[in-house]
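*Asks:* Here is my input; please provide its structure:
(2 chains)
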Protein chains: 2
Amino acid sequence: MSDIAKRFPQNPLLRPADLQPSSEGMQIICLLNPGVFTFQNKTWLIVRVAENTVAKEGVIFIPVLNDLGKIDILEIPEGHPELINTDPRVVKYMGLDYLTTLSHLRLMCSDDGANFYEPDGYPPLFGQGMLQAYGVEDCRVTLLEDKYYLTFTAVSSNGVGVGMRTTTNWQQFDSYGMILPPHNKDCAIFEEKINGKYYALHRPSSVDIGGNFIWLAESPDGIHWGNHKCIVRTRKSNWDSARVGAGAAPIKTEHGWLEIYHGANAKHQYCLGAFLLDLNDPFNVLARTTDPIMIPTEPYETSGFFGNVVFTNGHVVNGDTVTIYYGAADEFVCGATFSIKEILSMLE
Amino acid sequence: MSDIAKRFPQNPLLRPADLQPSSEGMQIICLLNPGVFTFQNKTWLIVRVAENTVAKEGVIFIPVLNDLGKIDILEIPEGHPELINTDPRVVKYMGLDYLTTLSHLRLMCSDDGANFYEPDGYPPLFGQGMLQAYGVEDCRVTLLEDKYYLTFTAVSSNGVGVGMRTTTNWQQFDSYGMILPPHNKDCAIFEEKINGKYYALHRPSSVDIGGNFIWLAESPDGIHWGNHKCIVRTRKSNWDSARVGAGAAPIKTEHGWLEIYHGANAKHQYCLGAFLLDLNDPFNVLARTTDPIMIPTEPYETSGFFGNVVFTNGHVVNGDTVTIYYGAADEFVCGATFSIKEILSMLE
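*Replies:* Numbering: from 1, shown residues only, chains lettered A, B, ... in the order given. Modelled structure (predicted):
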């Protein structure tokens, strides 16, 4: 058994019923995949909240943000000949793809790292503009030189790419639009520059030739990116055979940059693994775990909106302990700890 | 009839048999999609030359560049149960995609713009490194502040992205690796900065949600790119319903940046159209042709390696006349002229 995660006894920490919907008529379907940061001596989560409209029999409602940032509802008759709704996350209608839910990002904080509440004065972050009309998802938070960098999935009918905003106080934000074009997600900026350059892990996907691999890019300013290289690929017949993607920013250790990543197999089981990058040349992959370090096994991980998923994109490091927060079954927010030494010992 | 191209009477200008293969054992299958530039008072083409290995009965040979830049040959038995070869351009074998041909870029020049020859001392450009192991394709050439920027499709098992090299003399080149990650191609850098920034058209593709649309990005240095926005989408039931992609760098006119682009329908017929971008804010699309400005009609355009294709990524402008060079049927290099005024009059 390679699962070396110590799950919080309080899991799941957050369920959809624990929060209020963002507006009347909406309902929260999933809480998932929080970014994590420390601010004002508290642990904060920036939780992805996936909502849809309260259902009506025989009709599928698709919420979409309009140019004014308000929610428009597309109504699709169930059983329509041009409707394909076999995936709980995406429907195809009249030749176009839509998400079944609209996600925004909700700020929550905690004094003990286990009990989270919504603080006053920190409003949610919604999609902005035509490239985020289907919402914003799975935010990574990087603290670099006293500024927080938020990298998140920006979804619209134009495609799925990586959006970025920055902040110092979590109340005012600067937006940099889409920093990585479709199809791309799972972007995590390193928390230090290396030889004067910013680095970011990201996960483009290919329509043919290629796959769902982890790439690394560099930047002079954190806003414009180039010199993209593929560093971690899927492994045939393994737990990460279908897709891999970075978690949060890598953890600096004396042995290298340690990255906890997710991998999925053809059956859409999402586990976590780790790899190690050279401290001075992060394009150089030093080692990778053969087995996963965490596997969905608990009931809240195996059953939910989309079962058999553990997915992390945020953590707090304290000495040898990394506390990850993770999305379980695409529905709940949970916590677990790892010993960094123990992860390093599994690298090959 | 909306086809307003005046084709060269000499078409096709170049056929596969007109050039020597790059090495013994290779054969040229297609000449296509040249970049175009003016240098030393001559018109130059940088032609994509697609080669494969001389065939042997019952075996499919797949040429791939190794780490040393030499060609390795993968042998696939025809009729293998894990071989899918229904597309003349791509085969799937044992779950992986391969190109049937390996492309490099060949420099050719001409005094009259119609008769091209290979000049001495200007060697071909081959793929370099693991991100170009399946070759380099469809190069656009931009002359900006006395430097030539070559943007081309870089293909490998990692995916299909945009590579860049620069040169001032076409003999020494600086390489900038992959400037746009997969899945991306059809990248054309503007030949002027606008308000101090570089701009580039490009064409990402989406695995779901989204499509094959033209995007515009900006850059502080021409190397690192950000602020990606979708500016031109496919149009349902039109000639450009399945995919659109930029041609060469846009032509500066008093009315705006005029871009000649290609579009394809679901039957893979490739035509040319045009759109116009605001001079000061190129994210603002001012107009677009409803009908194509060029349609594959001549025998060398309708029949060949991949028929029903006219595809341009290079031109020379002289007053009101733009001379495009184009790939026909993915096999021949041809020429045609347009009146810029006439294209502008078709914009809506």
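
*Asks:* Name the strands paired with the longest strand seen in chain A and say parallel or antiparallel.
*Replies:* Selection of the longest strand in chain A by residue count, based on DSSP state E, yields strand A:26-39. Its sheet considered, strand A:26-39 pairs with strand A:42-53 (antiparallel) by DSSP bridges.

*Asks:* what does the following helix or strand past the strand it pairs with contact?
*Replies:* Per DSSP states H and E, the first helix or strand lying C-terminal to strand A:42-53 is strand A:59-65. With C-beta atoms under 8 Å, 6 or more residues apart in numbering or on different chains as the test, strand A:59-65 has contacts from A:26, A:51-53, A:55, A:71-78, A:83, A:85, A:91, A:93, A:98-102, A:126-127, A:132-135. Bear in mind the C-beta positions are built from the backbone N, C-alpha and C, glycine included.

*Asks:* List only buried entries from the residues you listed.
*Replies:* A:26, A:51-53, A:71, A:76, A:85, A:91, A:93, A:98-102, A:126-127, A:132-135 (16 or more other C-beta atoms under 10 Å in any protein chain shown).

*Asks:* Show me what the helix or strand harbouring residue A:227 is packed against.
*Replies:* Element membership for residue A:227 (DSSP H and E) is strand A:226-232. Applying 3 or more C-beta pairs under 8 Å, 6 or more residues apart in numbering or on different chains; DSSP states H and E, one finds that strand A:226-232 contacts strand A:198-204, strand A:214-219, strand A:285-288, strand B:174-180.

*Asks:* For the longest strand of chain A, buried residues please.
*Replies:* Quick answer for strand A:26-39 (16+ other C-beta under 10 Å): A:26, A:28-37, A:39.

*Asks:* what about residue A:299, neighbour count?
*Replies:* Residue A:299 has 13 neighbours, counted by other C-beta atoms under 10 Å in any protein chain shown.

*Asks:* and if you look at residue A:15?
*Replies:* With other C-beta under 10 Å as criterion, residue A:15 counts 15.

*Asks:* That one and residue A:331 touch, don't they?
*Replies:* Yes. Using C-beta atoms under 8 Å as the test, residue A:15 is close enough to residue A:331 to be in contact (7.5 Å).

*Asks:* Overlap in contacts, those two.
*Replies:* Here residue A:15 and residue A:331 have residue A:31 as joint contacts, going by C-beta under 8 Å, 6+ apart.

*Asks:* Any idea which residue of the stretch 1-150 of chain A lies closest to chain B?
*Replies:* Proximity of the stretch 1-150 of chain A to chain B (C-beta to the nearest C-beta) peaks at residue A:97, 4.3 Å away.

*Asks:* Might one say that that residue is in contact with residue A:89?
*Replies:* No. Using C-beta under 8 Å, residue A:97 is not in contact with residue A:89; the gap is 10.3 Å.

*Asks:* which one of those two has more residues nearby?
*Replies:* residue A:97 (20 against 13).

*Asks:* burial count for residue A:320?
*Replies:* Residue A:320 has 14 nearby residues by other C-beta under 10 Å.

*Asks:* so what pLDDT did it get?
*Replies:* Model confidence at residue A:320, given as pLDDT, is 98.

*Asks:* again with residue A:130
*Replies:* Note on residue A:130: pLDDT of 95.

*Asks:* Now it, what are its backbone angles?
*Replies:* Backbone torsions of residue A:130, given as degrees, to the nearest 10, read phi -70, psi -20.

*Asks:* Contact residues of the stretch 1-150 of chain A facing chain B?
*Replies:* Contacts of the stretch 1-150 of chain A with chain B, taken as C-beta under 8 Å from any C-beta of the partner chain, map to A:90, A:95, A:97-99, A:130-131, A:134.

*Asks:* and these, which of them are in strands?
*Replies:* A:90, A:97-99.

*Asks:* Out of those, which two sit at the greatest distance?
*Replies:* A:97 and A:99 (7.9 Å; C-beta to C-beta).

*Asks:* contacting residues around the closest residue to chain B within the stretch 51-200 of chain A?
*Replies:* Nearest residue of the stretch 51-200 of chain A to chain B (C-beta to the nearest C-beta) works out as residue A:159 at 2.9 Å. Contacts for residue A:159 (C-beta under 8 Å, 6+ apart) come out as A:181-183, B:204, B:206, B:209-211, B:213, B:230.

*Asks:* Between these, identify the one with the most neighbours.
*Replies:* Greatest neighbour count in the contacts of residue A:159, by other C-beta under 10 Å, goes to residue B:204: 33 neighbours.

*Asks:* Report pLDDT for it.
*Replies:* Turning to residue B:204, the model gives it a pLDDT of 98.

*Asks:* Tally up the residues packed near the residue lying closest to residue A:12 once chain neighbours are set aside, please.
*Replies:* Nearest non-adjacent residue to residue A:12, counting by C-beta to C-beta, 6 or more residues apart in numbering or on different chains: residue A:332, 3.5 Å away. Neighbour count for residue A:332, taken as other C-beta under 10 Å: 23.

*Asks:* One more: residue A:117?
*Replies:* Using other C-beta under 10 Å, residue A:117 is surrounded by 10 other residues.

*Asks:* So it sits against residue A:106, correct?
*Replies:* No. Look at residue A:117 against residue A:106 with C-beta under 8 Å: they stay out of range, at 11.3 Å.

*Asks:* Just the strands from the stretch 101-250 of chain A, written as ranges.
*Replies:* In the stretch 101-250 of chain A, the segments counted as strands under DSSP state E, counting those that start in this stretch are A:102-110, A:136-144, A:147-156, A:159-167, A:174-180, A:184-189, A:198-204, A:214-219, A:226-232, A:243-246.

*Asks:* pLDDT value on the nearest residue to residue A:45 once chain neighbours are set aside, please?
*Replies:* Leaving aside its sequence neighbours, residue A:45 sits nearest to residue A:34 (C-beta to C-beta, 6+ apart; 4.0 Å). With respect to pLDDT, residue A:34 scores 98.

*Asks:* Would you mind finding the longest helix in chain A?
*Replies:* Criterion DSSP state H: the longest helix present in chain A is helix A:340-346.

*Asks:* Which strands or helices does it pack on?
*Replies:* So helix A:340-346, by 3+ C-beta pairs under 8 Å, 6+ apart, packs with strand A:251-253, strand A:256-264, strand A:270-277, strand A:321-328.

*Asks:* which non-adjacent residue is nearest the residue of the stretch 201-348 of chain A found nearest chain B?
*Replies:* In the stretch 201-348 of chain A, the residue found nearest to chain B is residue A:210; the distance is 2.8 Å by C-beta to the nearest C-beta. Computed as C-beta to C-beta, 6+ apart, the closest residue to residue A:210 that is not its neighbour in sequence is residue B:159, at 2.8 Å.

*Asks:* again with residue A:272
*Replies:* Sequence neighbours aside, residue A:294 is the residue nearest to residue A:272 in space, at 4.1 Å (criterion: C-beta to C-beta, 6+ apart).

*Asks:* number of nearby residues for that neighbour?
*Replies:* 24.

*Asks:* and what of residue A:315?
*Replies:* Neighbour count for residue A:315, taken as other C-beta under 10 Å: 23.

*Asks:* Report the separation between it and residue B:98.
*Replies:* Distance from residue A:315 to residue B:98, counting by C-beta to C-beta, to the nearest Å: 39 Å.

*Asks:* what does residue A:145 give?
*Replies:* Counting by C-beta to C-beta, the gap from residue A:145 to residue B:98 is 44 Å.

*Asks:* Residue A:163 reaches residue A:154, doesn't it?
*Replies:* Yes. Proximity of residue A:163 to residue A:154 meets the contact threshold set by C-beta under 8 Å, at 3.6 Å.

*Asks:* Tell me which of these two has more neighbours.
*Replies:* Comparing residue A:163 with residue A:154 by other C-beta under 10 Å, the one with more neighbours is residue A:154, at 30 against 26.

*Asks:* In terms of pLDDT, where does that one sit?
*Replies:* At residue A:154, pLDDT is 98.
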